[in-house]
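S.K.: based on what follows, work out the 3D shape:
(2 chains)
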Amino acid sequence: MSHKYIPVIWNRTKIVYDIVAVACIAAYLGVYLYVAPLFQTVTLPIDALIYRAQAYGTCVFFLLTVILCIGPLSRLDTRFLPLLYNRRHLGVMTACLAVVHVKYILDWYYAFSPTDRYVAVLASNTSYFQFLGFPFEVLGLAALLILLVLATTSHDFWLHFLGPPLWKTLHMGIYFAYALVVFHVALGALQSAAGPVIPLVVGASASLVITLHLLAARKERSTENDVPLEADDTPWVVVGDPMQIPNKRAQIVALKEDERVAVFRDGDKVSAISNVCAHQNGPLGEGKIVYGCVTCPWHGYQYRVEDGCSPPPFTEKVPTYRLKLKGNLLLLDPIALPAGTYIEPVVVGGVHAAEKA
Amino acid sequence: MQQKKPKGKPDPFFIGWAKKPPKLLQGFLFFVSAVLVGGAAGVAFSIGASVPDPGNGTFLWSAGYQTMTGVVEAKPYPVLRLPPSEPGGEPRALLLSGVGKRGVQGLAGPLDGKQVDAGGVLLKRGTIEMLQVGGQVKLRAAETPLNSFEPQPAEDLGRWRLSGEVCDGKCYVGAMRPGVGLAHKACANLCLIGGVPPVFVSTSPVDGSSFFLLADAQGNPVPEDLYDLTALFISLEGEIERRDDLLIFKADLTTAKRL
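M.R.: Alright, predicted model coming up:
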C-alpha cells in the first residue's frame, strides 16, 4: 500500500522475488548460450546473433507462460499467491528480454541491406494471405508493442491515472500478446529453425496455460455461492449460515456476472464489502482479516471491514453492503452502498443472533 | 468462494509487505523457486542442445582476400566462369554477390561476356562457392586477360520437376547459419530484393547436384512473384542447363505447387 508515488517500493519479499526471477532468467540464458552448445551435434555453429535471438525469444515465451500460469495456480492453490505479488516485475523483465530478442533479429536478419531495417520488417515478406510463409515477424512485433505498453503502464501511477477497471482491461492484453507469440513461434521457429524439443515444449506450455485457466474457472464456479432471493418482497439474497464462514475469512457471494461480495466473519461479527480490491481488482474475498483489516491476497492492500476504507494515511475505499439475520440465515442486501459507507457489523451466534432474527 | 479450513489447522496467509512469508509457506516457496530455476536450466539445455545442424556453409575469411580472372556472365544473375585452376582440372562457375544483401548486376551488366578481374571473399558450402565481390578490385575489366580462355557453352540437361526450397544464394552458401527455412524467409526475400541470386535447393540431385541457380523459363531474373514462394517446400518444373559445375534451373513459375 502506498499513498505517494515512488519509482519502486522495495521490500524484502520483492527483493527475494526478483532474485529468484533473475536466477531463473540467468539459468535459462546461461545454459542455453554457454552449456548447450557444448552438446550440439552441428557441423558449424549457428550464427551467434541468431542463436542469441533464439535464446532470448524462447526465454520470453516461457516467462510469458509462467506469468499466465501464476493467476490460475493461485486460484487453485493459495500457496502460489506469493508468486503473484510481484508479477509486474516479471512482466517488465519479459518486455526487456523481448526487446533484446528483437534487437538481435534486426541486427542480423534485417541488417546489411540497402533497405532500412525497420522498413524491411514490414516490407520484406508481404505474404499476408497465406498460412505457411505468413510474415510471422509482425505477430511478434505486435506482441512486443503490447508488452511494452503493459510494462510502461505497470506502475501504480498508471493504475490510479487510468483507474483499476481500465487498467485491468488494458493489462488483460497479456493474453492477446501470448496468443500472438504462440502464432509467432508456430509460424516461424517451429517451421524450420527449431529442433525436435521446442515444438513439444511450446505445445505443452500453451496447453498448460489453457488447462490451468479452465480448471481455475471451474473451481471458481463450483465454489461460488448460489444467490437465491428471499421469498418476500425485499430483494435480499441468502448468504447461508454465517458460522460456516471460517473465522477471519470470507464467503464470496456472486450477485451478477460482474459483481461479487465478500462476506467476512471476524469472531462473532460479520460484514460485507465488495470483492474487488480498489488497487488492482484483486479478490478481497480470498483474503484474510489481518490486524483487524481485510487484507487483499494479491498485494496486501487493507480495508476496514465495517466501512471498506483503508486505514489512514491510505485513501482506498470499496463499497459496503447491508447484512441481516433471519433465523440462522444470513441475508445480504444486493444494493451496494457508496464506497466507504459505515455499516454496523451483524453480530451472530447466541443471544445476539436471536435478537437480530 | 468459501475458504473451508478444518478447525485448528494453520491458515497461513501471505502478505507481500510483511517482513517474511509465513513459516509454513517458506519451504513451499523455496521448493517452487528451485523447481523454476532447475526447470529453466533443463528446458534451455533441451532446446539449445537439440538445434538442427545448419550445415557447413561459411565465409572463408581465413583464405583472405581473393582475386581471380575469368569471364563474367550477367544473366540470369552474375556468374564468373573460371578456367581450370590446374592443368587437367575442370573449369568452374562461381556465383557472385555484393557486400551485404546486394547483388552485383550493376557491375556485371556492362561487362557481360568479357574477361574480368573479380576480387572479394569466398563463401563455401560443400562444393558450392560464391564470391562476395568487394574490396579494391571488385569487378573490373581484366587488366591481364587470359589467353585463349573461352567458357564452354551451356549444356542442356532437359526438363525436370524438382521438389525443394527457394533460398537466397548467399545465405544458403554460408552468409547465415541457418540460411534456409521459414524462419529465414524475410531475410531471404530481403537478399533477393537486393539482387542476391536466388537458388533452388532440391531434395533429390540432378546430375550430382542438388543446388541450382534459379532463373525464369526464359533464363532471365525471376519476377517478384517468387517472393511468396521463398522458404516454402514446393515443386517446380523447368529446363536445366549446366555451365561448368553450376546447374541453372530455368523454372516455369506457373508450375509451382506447395507441397
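
S.K.: okay, CA-based contacts and neighbour counts for the rest of this
M.R.: Fine.

S.K.: which residues of the stretch 151-259 of chain B lie near chain A?
M.R.: B:176-178, B:180-187, B:189-191, B:193-194, B:227-229, B:231-232 (C-alpha under 8 Å from any C-alpha of the partner chain).

S.K.: contacts only, for A:Phe62.
M.R.: By C-alpha atoms under 8 Å, 6 or more residues apart in numbering or on different chains, A:Phe62 lies in contact with A:Ser205.

S.K.: for it, which three-state class applies?
M.R.: Secondary structure, DSSP: H, G, I helix; E, B strand; the rest coil: A:Phe62 is helix.

S.K.: how close does it sit to A:Leu97?
M.R.: 11 Å (C-alpha to C-alpha, to the nearest Å).

S.K.: now the strands for chain A?
M.R.: A:237-240, A:250-256, A:259-266, A:269-274, A:288-290, A:293-295, A:302-304, A:320-321, A:323-326, A:329-332, A:346-347 (DSSP state E).

S.K.: adding mean pLDDT and mean neighbour count, write the ones you listed out as a markdown table.
M.R.: Below are the strands of chain A laid out as a markdown table (pLDDT from 0 to 100; neighbours: other C-alpha atoms under 10 Å in any protein chain shown):
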| stretch | mean pLDDT | mean neighbour count |
| --- | --- | --- |
| strand A:237-240 | 89 | 22 |
| strand A:250-256 | 88 | 23 |
| strand A:259-266 | 93 | 25 |
| strand A:269-274 | 95 | 27 |
| strand A:288-290 | 92 | 23 |
| strand A:293-295 | 95 | 26 |
| strand A:302-304 | 95 | 26 |
| strand A:320-321 | 96 | 26 |
| strand A:323-326 | 91 | 20 |
| strand A:329-332 | 92 | 22 |
| strand A:346-347 | 92 | 22 |
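
S.K.: chain B: which of those strands is closest?
M.R.: Evaluated with C-alpha to the nearest C-alpha, the strands of chain A place strand A:250-256 nearest to chain B, the distance being 4.5 Å.

S.K.: next, the angle from that closest one to strand A:259-266.
M.R.: Inter-element angle recorded for strand A:250-256 and strand A:259-266: 160 degrees (by axes from the mean of the first three to the mean of the last three C-alpha atoms, to 10 degrees).

S.K.: give me the pLDDT value at the spatially most central residue of chain A.
M.R.: Closest to where the C-alpha atoms of chain A average out (C-alpha atoms, centre = their mean) is A:Gly71, at 5.0 Å. With respect to pLDDT, A:Gly71 has a value of 93.

S.K.: circling back to that earlier point, possible to save the strands of chain A as JSON lines with distance to chain B?
M.R.: Output for the strands of chain A, formatted as JSON lines (distance: least, C-alpha to the nearest C-alpha, whole Å):
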{"stretch": "strand A:237-240", "distance to chain B": "11"}
{"stretch": "strand A:250-256", "distance to chain B": "4"}
{"stretch": "strand A:259-266", "distance to chain B": "8"}
{"stretch": "strand A:269-274", "distance to chain B": "13"}
{"stretch": "strand A:288-290", "distance to chain B": "7"}
{"stretch": "strand A:293-295", "distance to chain B": "8"}
{"stretch": "strand A:302-304", "distance to chain B": "10"}
{"stretch": "strand A:320-321", "distance to chain B": "17"}
{"stretch": "strand A:323-326", "distance to chain B": "17"}
{"stretch": "strand A:329-332", "distance to chain B": "15"}
{"stretch": "strand A:346-347", "distance to chain B": "19"}
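
S.K.: mind listing what's buried in stretch A:277-285?
M.R.: Using 16 or more other C-alpha atoms under 10 Å in any protein chain shown as the burial criterion, the residues of stretch A:277-285 that qualify are A:277-280, A:282-285.

S.K.: which of those residues lies closest to chain B?
M.R.: Using C-alpha to the nearest C-alpha, A:Gly285 is the member of the buried residues of stretch A:277-285 that lies nearest chain B, at 7.0 Å.

S.K.: quick one: pLDDT of that closest one?
M.R.: pLDDT for A:Gly285: 92.

S.K.: which ones are touching it?
M.R.: With C-alpha under 8 Å, 6+ apart, A:Gly285 has these contacts: A:249-252, A:261-264, A:275, A:296, B:1.

S.K.: now with 10 Å, please.
M.R.: Counting by C-alpha atoms under 10 Å, 6 or more residues apart in numbering or on different chains, A:Gly285 makes contact with A:249-253, A:260-264, A:272-277, A:294-297, B:1-3.

S.K.: low-confidence ranges, the stretch 151-300 of chain A, go.
M.R.: The model of the stretch 151-300 of chain A has pLDDT under 70 over residues A:193, A:223-234.

S.K.: ok, A:Met172 - how many residues close by?
M.R.: 12 (other C-alpha atoms under 10 Å in any protein chain shown).

S.K.: roughly how far does it sit from A:Pro165?
M.R.: Taking C-alpha to C-alpha as the measure, A:Met172 falls 11 Å from A:Pro165.

S.K.: do the same with A:Val305
M.R.: From A:Val305 across to A:Pro165, the span is 22 Å (C-alpha to C-alpha).

S.K.: who's more crowded, these two?
M.R.: Between A:Val305 and A:Pro165, counting by other C-alpha under 10 Å, A:Val305 is the more crowded of the two (29 against 14).

S.K.: for that one, give me the pLDDT.
M.R.: 93.

S.K.: so who does it touch?
M.R.: A:Val305 neighbours (C-alpha under 10 Å, 6+ apart): A:262-266, A:270-273, A:289, A:292-295, A:318, A:320, A:340, A:342-345.

S.K.: now stretch B:155-167, how far from the chain's geometric center?
M.R.: 18 Å (C-alpha atoms, centre = their mean, to the nearest Å).

S.K.: and that stretch, what's buried?
M.R.: Judged by neighbour count using 16+ other C-alpha under 10 Å, the buried positions of stretch B:155-167 are B:162-167.

S.K.: just the CA trace of it, in PDB.
M.R.: Below are the C-alpha coordinates for stretch B:155-167, written out as PDB (Å, rounded to 0.1, in the frame of the first residue of the first chain):
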ATOM      1  CA  GLU B 155      24.800 -27.900 -71.800                       C
ATOM      2  CA  ASP B 156      21.100 -28.700 -71.900                       C
ATOM      3  CA  LEU B 157      20.100 -31.300 -69.300                       C
ATOM      4  CA  GLY B 158      16.400 -31.400 -70.300                       C
ATOM      5  CA  ARG B 159      13.200 -30.700 -68.500                       C
ATOM      6  CA  TRP B 160      12.800 -31.700 -64.800                       C
ATOM      7  CA  ARG B 161      10.300 -31.400 -62.000                       C
ATOM      8  CA  LEU B 162      12.100 -30.700 -58.700                       C
ATOM      9  CA  SER B 163      10.900 -30.500 -55.100                       C
ATOM     10  CA  GLY B 164      12.700 -28.300 -52.700                       C
ATOM     11  CA  GLU B 165      13.100 -24.800 -51.400                       C
ATOM     12  CA  VAL B 166      13.800 -21.400 -53.000                       C
ATOM     13  CA  CYS B 167      16.600 -19.700 -51.000                       C
END
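
S.K.: can you pull the contacts of residue 85?
M.R.: In the absence of a named chain, chain A is used. Counting by C-alpha under 10 Å, 6+ apart, A:Tyr85 touches A:13-14, A:17, A:70, A:297-300, B:14-17.

S.K.: can you look at chain B instead?
M.R.: Applying C-alpha under 10 Å, 6+ apart to B:Ser85 gives the contacts B:91-92.
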